[in-house]
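Chemist: the following comprises the amino acid sequence and a computationally predicted model.
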Amino acid sequence: MIMEFCTLTKLFHNPLVSALALLCIATTSLNPATASKRCDFPAIFNFGASNADTGGLAASFPFAQPKSPNGDTFFHRPAGRFCDGRLIIDFMAQSFGLPFLSPYLDSMGSNFSRGANFASAGSTIRLQQAAGQFRTSPFSLGLQYQQFERFKPNAKFIRGQGGVFAALMPKKEYFDEALYTFDIGQNDLTVGFLGNMTLQQVNASVPDIVSNFTSNIKNIYNLGARSFWIHNTGPIGCLPLILTNFESAERDMYGCAKAYNEVANSFNQNLKKALAHLRKDLPTAAITYVDIYSVKYSLFRDPKKYGFELPHVACCGYGGKYNFSNSVSCGGTTKVNDNDIFVGSCERPSVRVIWDGIHYTEAANKVVYDQISSGAFTDPPIPLNMACRRK
């Protein structure tokens, strides 16, 4: 569409059209490897943490799997997601007519013909230790890359064998044509916040975290990936997890912990710069930086605009100003005056931003997806359905 419009402007000669032509040149030059027409991604390979985990942690550690009411809004049962329903990655898959991504770590009923999800709740870019009640996953981004490295030749072998399992593997060409998505980094910062690190120390660790991130992207590129959709991290200082654990932290005018969001923004700025350099190193890749921070922050800045209320209060939780506790999670039970209290959902998840104190509701995820998929919050500014490499 953009290229067709640019071609048309060249047929006319007036100052206004000339200006539009220059705009077209600038727009289409932002990422030379990006497609100029709709991308028909045949598969998605996803890497990340809990904001994009469709059941990896649940399959690996049954004791850690999300319990009801997780999943109740859409799936009507727990579906491996730390959410009442769908995640952003689910909306992305649906937009391309693809099935929800099966977790690579789940051997029960998985279908990888249209991609695979290597994300696992609690994952970090750098392998880290747990911090207090905050548990990390052993499936760091580096290990997820190794899993993908193993997955690709094994999928080829199984498909070549024929039989019932062949149809469950992606076709060879899908690996080059697929969309590779990333949503990770929040836990690297959170571990530092909840550990023994000062804000300054966490901030000082950001360049190394980002360097590890881009190294893994390069590794995945070397395995044939060409179209990358990479989320930055959200406003961590707006989450009940941070607001509860750091009650004395200075709040901004929208009720978020200011200093913690500043560290998140530092990570995002470093990531954006690193990806700009990466485009030069990998000129045949289409690398899209996605600013989910700005979209998620808008849900706290102006919740009524999107039909939300009580943006900082967890829908599924128990205790305190933010309905969140470190000692009991959504779907669990806690004792109050010798009585077992079930930690259930609020009455209307559809009007709430935060699901369990750390993750977002399906309704919030849908708003974020709608905003980022338009291209209004990406660098280069291009819609999701045009974010593939030019052939």
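Modeler: Ah, there it is. As the structure is a computational prediction, the values presented were derived from the model and not from experiment.
Chemist: in the stretch 201-350 of the chain, which spans are strands?
Modeler: For the stretch 201-350 of the chain, applying DSSP state E, counting those that start in this stretch gives strands covering 227-231, 286-290, 333-336, 339-342.
Chemist: now name the helix or strand holding Arg77.
Modeler: Under DSSP states H and E, no helix or strand contains Arg77.
Chemist: again with Phe45
Modeler: Counting by DSSP H and E, Phe45 is found in strand 44-48.
Chemist: next structured bit after that strand?
Modeler: Toward the C-terminus from strand 44-48 - assigned by DSSP H and E - lies helix 56-60.
Chemist: distance between that following helix and the chain's centre?
Modeler: Computed by C-alpha atoms, centre = their mean, to the nearest Å, the chain-centroid distance of helix 56-60 equals 17 Å.
Chemist: before we move on, what about stretch 142-157?
Modeler: 21 Å.
Chemist: try stretch 281-296
Modeler: For stretch 281-296, the distance to the chain centre is 12 Å (C-alpha atoms, centre = their mean).
Chemist: could you dump it to PDB, C-alpha only?
Modeler: What follows is stretch 281-296, C-alpha atoms only, in PDB (Å, rounded to 0.1, in the frame of the first residue of the first chain):
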ATOM      1  CA  ASP A 281      24.600  -5.900  11.300                       C
ATOM      2  CA  LEU A 282      21.700  -7.900   9.900                       C
ATOM      3  CA  PRO A 283      20.600  -6.000   6.800                       C
ATOM      4  CA  THR A 284      18.500  -8.900   5.500                       C
ATOM      5  CA  ALA A 285      16.400  -9.000   8.600                       C
ATOM      6  CA  ALA A 286      13.200  -7.000   9.300                       C
ATOM      7  CA  ILE A 287      13.600  -6.000  13.000                       C
ATOM      8  CA  THR A 288      10.600  -4.200  14.600                       C
ATOM      9  CA  TYR A 289      10.900  -2.600  18.000                       C
ATOM     10  CA  VAL A 290       7.500  -2.500  19.800                       C
ATOM     11  CA  ASP A 291       6.800   0.100  22.400                       C
ATOM     12  CA  ILE A 292       4.400  -1.800  24.700                       C
ATOM     13  CA  TYR A 293       5.500   0.400  27.600                       C
ATOM     14  CA  SER A 294       3.700   3.500  26.200                       C
ATOM     15  CA  VAL A 295       0.500   1.600  25.500                       C
ATOM     16  CA  LYS A 296       0.400  -0.100  28.900                       C
END
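Chemist: what is the mean pLDDT for that stretch?
Modeler: Throughout stretch 281-296, pLDDT has a mean value of 98.
Chemist: am I right that Phe182 falls within a helix?
Modeler: No: per DSSP: H, G, I helix; E, B strand; the rest coil, Phe182 lies outside any helix segment and is strand.
Chemist: mind listing what the residue nearest to the spatial centre of the chain touches?
Modeler: Taking C-alpha atoms, centre = their mean, the centroid of the chain lies closest to Asp183, which sits 3.1 Å from it. The contact partners of Asp183, taken as C-beta atoms under 8 Å, 6 or more residues apart in numbering, are 46-49, 51-52, 88-89, 119, 231, 292. C-beta here means a position set from N, CA and C on the backbone, and glycine is covered the same way.
Chemist: please apply the same query to Pro99.
Modeler: Pro99 sits next to 93, 111, 114 when contact means C-beta under 8 Å, 6+ apart.
Chemist: ok, the second one - contacts?
Modeler: Counting by C-beta under 8 Å, 6+ apart, Asn111 makes contact with 99, 102, 168.
Chemist: tell me the secondary structure for the first one?
Modeler: Of the three states, Pro99 takes coil under three-state DSSP.
Chemist: okay, the nearest residue to Cys39 once chain neighbours are set aside: pLDDT?
Modeler: Nearest non-adjacent residue to Cys39, counting by C-beta to C-beta, 6 or more residues apart in numbering: Cys388, 3.5 Å away. pLDDT for Cys388: 95.
Chemist: so how far is Arg159 from Cys388?
Modeler: Separation of Cys388 from Arg159 (C-beta to C-beta, to the nearest Å): 23 Å.
Chemist: mind checking which of the two has more residues around it?
Modeler: Between Cys388 and Arg159, Cys388 has the larger neighbour count (other C-beta atoms under 10 Å), namely 25 against 18.
Chemist: hmm, Tyr180 and that one touching each other?
Modeler: No: contact between Cys388 and Tyr180 fails when scored by C-beta atoms under 8 Å: they sit 10.3 Å apart.
Chemist: from the contacts of Asp183, which single one is nearest Leu275?
Modeler: His231 (11.3 Å; C-beta to C-beta).
Chemist: so what's that closest one up against?
Modeler: Contacts of His231 by C-beta under 8 Å, 6+ apart are 48, 88, 181-183, 290, 292, 372.
Chemist: endpoints of stretch 83-90, how far apart?
Modeler: 12 Å (C-alpha to C-alpha, to the nearest Å).
Chemist: give me the residues contacting it.
Modeler: 44, 46, 48, 51-54, 69-75, 81, 94, 100-101, 117, 119, 181, 183, 231, 292, 315-316, 345, 349, 355, 359-362, 365-366, 368-369, 372.
Chemist: just the buried ones from those?
Modeler: Buried members of those, counted by 16 or more other C-beta atoms under 10 Å: 44, 46, 48, 51-54, 69-73, 75, 81, 100-101, 117, 119, 181, 183, 231, 292, 315-316, 345, 349, 355, 359-362, 365-366, 368-369, 372.
Chemist: ok so, going back, in a markdown table, list the contacts of Pro99 along with pLDDT, distance to Arg38 and secondary structure.
Modeler: A markdown table is the format used below for those (pLDDT from 0 to 100; distance: C-beta to C-beta, whole Å; DSSP: H, G, I helix; E, B strand; the rest coil):
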| residue | pLDDT | distance to Arg38 | secondary structure |
| --- | --- | --- | --- |
| Ala93 | 98 | 16 | helix |
| Asn111 | 97 | 25 | coil |
| Arg114 | 98 | 18 | coil |
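Chemist: lovely, talk soon.
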